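K.L.:
The sequence isn't on hand, but the structure is:
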């Protein structure tokens, strides 16, 4: 099967959210076994100037939805960043995946040449859709997944590389 913008994005995001859900499952089990507060985990961060676990889930969600918005003409749902519990985080993941599952291969046809302009506070650039996906989106998405993993690992949750790589 040829690599397409669809195959590089939607299934990758869905898989990543599956991994994130399994990491949350392990974190919750660990918290139940050790008495670690789930609230502390949701609000845990690696350092003061980084987003907490909840923010990492929110940004992974926003990254995947924003990608679809920029590469297609689809209406993308907006979710307020109000997650405060593990249940909230799981619901955010489920809503994001439900949206991604509505995206069709044809929706992304030709998006590799679509012009995408990023205009963030410290970043302004215009990229082809292909460069946007490969050089910005995927690294950004995996940054937030990795940071969520790192937060959980830092808090003592027994997760390892195999949990992150997860081929299932």
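P.N.:
Structure's in. What do you need? Given the structure is predicted, the values throughout are model-derived calculations rather than measurements.

K.L.:
Strands of this structure, start to end?
P.N.:
In the chain, the segments counted as strands under DSSP state E are 115-120, 123-128.

K.L.:
So which of those strands is nearest residue 39?
P.N.:
Closest to residue 39 of the strands of the chain, according to Cβ to Cβ: strand 115-120, at 30.4 Å. C-beta here means a position set from N, CA and C on the backbone, and glycine is covered the same way.

K.L.:
before we move on, the earlier item: I'd like the strands of the chain laid out as a markdown table, including distance to residue 107, mean pLDDT and mean neighbour count.
P.N.:
What follows is the strands of the chain, written out as a markdown table (distance: least, Cβ to Cβ, whole Å; pLDDT from 0 to 100; neighbours: other Cβ atoms under 10 Å):
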| stretch | distance to residue 107 | mean pLDDT | mean neighbour count |
| --- | --- | --- | --- |
| strand 115-120 | 15 | 92 | 11 |
| strand 123-128 | 17 | 92 | 12 |
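
K.L.:
quick one: low-confidence parts of this protein?
P.N.:
Scanning the chain for pLDDT under 70 picks out 1, 168.

K.L.:
That one: helices as residue ranges?
P.N.:
5-34, 38-43, 53-71, 86-100, 129-131, 138-154, 161-165 (DSSP state H).
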